[in-house]
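**Student:** Here's a sequence, model it:
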Amino acid sequence: MASPSPLLGPPELRDSNSLQPKPITASGPSDPFMDLMVSNFNNSTRVNNMSFPQMGHTENGSAAYLSTGNPCLDFFFHVVPSTPKESIEQRLQVAWEHDALTTLKLICNLRGVRGTGKSDKQGFYTAALWLHGRHPKTLACNLDSLSKFGYFKDFPELLYRILLGFEIRSIQKSKRFHKESRNRGRAPFSGIGGKKRPAATRELRVAKAERWNQEEKTKASLDRKKKKVSLGNEAFIRYSHDPEYRFLHERVSELFADYLKKDVTFLTCGKTNKISLAAKWCPSLDSSFDKATLLCESIARKIFPRESFPEYEGVEEAHYAYRVRDRLRKQVLVPLRKTLQLPEVYMGAKNWETLPYNRVASVAMKKYKEIFLEHDAERFQKYLEDVKSGKTSIAAGALLPHEIINDLDGGDGGQVAEQQWKRMVDDLKTKGSLTNCIAISDVSGSMEGTPMEVAIALAQGREKEMALVSGFSKNLLKMFLDNDGEINPMAIMEAAISREEYKNLVVLD
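**Tutor:** Numbers count the residues shown, from 1 in each chain. Sure thing, here's the model as predicted:
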């Protein structure tokens, strides 16, 4: 493998002061486990020396084992959406020492969307960053396999969190919330006591407002430039002085570059159905991801290497970096994104009248439906009517049942949720794998939040002799029916991580 070209970053960076990279830390406690899952743990060949597991209590005070005796099995059943970061990291450490390859598969199972796992994005990010901190080569060298479980966007996100801290998204969300709250709470100043000043003429008020706006724009522009330099400098220092981060950065940019080059070839040959979603999730130039990670420059250098393009011979390094970045945008990202018919492309250009709603992905439809109604109500309503009558289709593959149920009271009156629910049911019926079963929902007064929503959503299937289940629940239900109501927890876990996607994973350190 050729040594990577050094990154330069934005031009302003060469005139700014150095920043120090932020350290990444981790660790934490555990929580109790339901005794239902330990019926056959003594029969497992992977059980450590734990003949008599320690007893504890559930949240409701019932007696329960604190462990199955198998750390990987504990991780599989304990780690669910909303599990605290510290608990995930502690269980990862114990599970990895017990069986590294199985633990790696369980990390992928956390991210698995479209039926390949738990679809727990935040849990996966926690686990992946733990992996980078302790087994960096294993993470970096499995990126292509990892992309089969989630999205290409996961990798820029990991780099972003390594540089700015794991909690950066929560911090940004909190800042946005407080800013919006302040803006909503502002009231016009009416003056306090004293003599009332004579009203200024309209011309003076307009001039003052324009001057204030110009000052604010100038200040905002300067702040953005300072932030760009600061982010670029931190990324440059981390890339230059942290070999493990640099190795991951290079593998991420290499993954994007390889897929983008293949996709451009497919586009040229007219094989558009083979184009991947790499262009969709590749950071745009000067986006927040690009400013913080310098990833676009790294990708562009690999797609347009200096030694393969004579026009760059003798070109100054800074100008070469600028030209290949611009070429990445014009010759790669723009044509590929146009071919993919991404809704964001049409929305950004305000081309509402040509936006192909039947090409909108399930998560994007859930996210943008109210925007579609606001800007293109007539066409969007017509599209929903066509879906209802069977003339066209709507995507639902990446959504879980409870996520659709939650959207029934959305701004569109639940129209999108109704059609996505119908699509989910139809897809399950077409597969024919669960045609002789029923879903039974058992909830209690102590259940709340997501667990309650999931249980209720799975019991909503109205089709005769049919249940709505998702992810590893399919394996659990099939085993229950095939084994006269007996379920082996170990068999459930192994079935959940036995699909073809899991077979290419390797442990390297």
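**Student:** Return the list of helices and strands in contact with the helix or strand containing Gln172.
**Tutor:** Using DSSP states H and E, Gln172 sits in helix 168-185. Identification of packing neighbours for helix 168-185 by 3 or more Cβ pairs under 8 Å, 6 or more residues apart in numbering; DSSP states H and E yields helix 154-164. (C-beta placed from N, C-alpha, C; glycine too.)
**Student:** Name the surrounding residues that touch the helix it packs on.
**Tutor:** 21-22, 24, 111, 124-125, 128-129, 132, 143, 146-147, 168-169, 231, 234-235, 238, 245, 248-249, 252, 255-256, 281, 283, 288-289, 292-293, 295 (Cβ atoms under 8 Å, 6 or more residues apart in numbering).
**Student:** mind exporting it as CSV, just the C-alpha atoms?
**Tutor:** This file holds the C-alpha atoms of helix 154-164, laid out as CSV (Å, rounded to 0.1, in the frame of the first residue of the first chain):
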residue,chain,number,x,y,z
ASP,A,154,-21.2,6.2,9.7
PHE,A,155,-17.5,6.6,9.0
PRO,A,156,-17.3,10.4,8.6
GLU,A,157,-19.4,10.5,11.8
LEU,A,158,-16.8,8.4,13.6
LEU,A,159,-14.0,10.6,12.5
TYR,A,160,-16.0,13.7,13.5
ARG,A,161,-16.6,12.3,17.0
ILE,A,162,-13.0,11.2,17.5
LEU,A,163,-11.9,14.8,16.7
LEU,A,164,-14.6,16.8,18.6
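**Student:** that older thread, can you select the buried ones from the contacts of helix 154-164 in PyMOL?
**Tutor:** For the buried members of those, the matching PyMOL selection, counting by 16 or more other Cβ atoms under 10 Å, is:
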select buried, resi 21+111+124+125+128+129+132+143+146+147+231+234+235+238+245+248+249+252+255+256+281+283+289+292+293+295
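**Student:** Next step: the contacts of helix 154-164 restricted to helices.
**Tutor:** Under the assignment DSSP state H, the contacts of helix 154-164 contribute 111, 124-125, 128-129, 132, 143, 146, 168-169, 231, 234-235, 238, 245, 248-249, 252, 255-256, 281, 288-289, 292-293, 295 to helices.
**Student:** C-alpha coordinates for stretch 218-226, PDB please?
**Tutor:** The C-alpha trace of stretch 218-226 is given here as PDB (Å, rounded to 0.1, in the frame of the first residue of the first chain):
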ATOM      1  CA  THR A 218     -19.500  40.700   8.700                       C
ATOM      2  CA  LYS A 219     -19.100  39.400  12.300                       C
ATOM      3  CA  ALA A 220     -20.800  36.000  11.300                       C
ATOM      4  CA  SER A 221     -18.500  35.700   8.300                       C
ATOM      5  CA  LEU A 222     -15.400  36.300  10.400                       C
ATOM      6  CA  ASP A 223     -16.600  33.800  13.000                       C
ATOM      7  CA  ARG A 224     -17.100  31.200  10.400                       C
ATOM      8  CA  LYS A 225     -13.600  31.700   9.000                       C
ATOM      9  CA  LYS A 226     -12.100  31.500  12.500                       C
END
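**Student:** how big is the angle separating the helix holding Gln172 from helix 154-164?
**Tutor:** Relative orientation of helix 168-185 versus helix 154-164 (axes from the mean of the first three to the mean of the last three Cα atoms, to 10 degrees): 80 degrees.
**Student:** What's the first helix or strand after the helix or strand bottoming out on mean pLDDT in the chain?
**Tutor:** The weakest-scoring helix or strand in the chain, judged by mean pLDDT, DSSP states H and E, is helix 473-482 (a mean of 59). Sequence-wise, the next helix or strand downstream of helix 473-482 (DSSP H and E) is helix 489-496.
**Student:** Run through this protein and note the low-pLDDT ranges.
**Tutor:** The chain contains residues with pLDDT under 70 at 1-5, 13-53, 182-200, 432-447, 451, 455-486.
**Student:** 50 - rerun?
**Tutor:** The model of the chain has pLDDT under 50 over residues 18-22, 24-34, 36-41, 44-50, 189-190, 465-472.
**Student:** Which parts of it belong to which domain?
**Tutor:** 26-41+63-150, 151-172+208-340 (automatic domain parsing).
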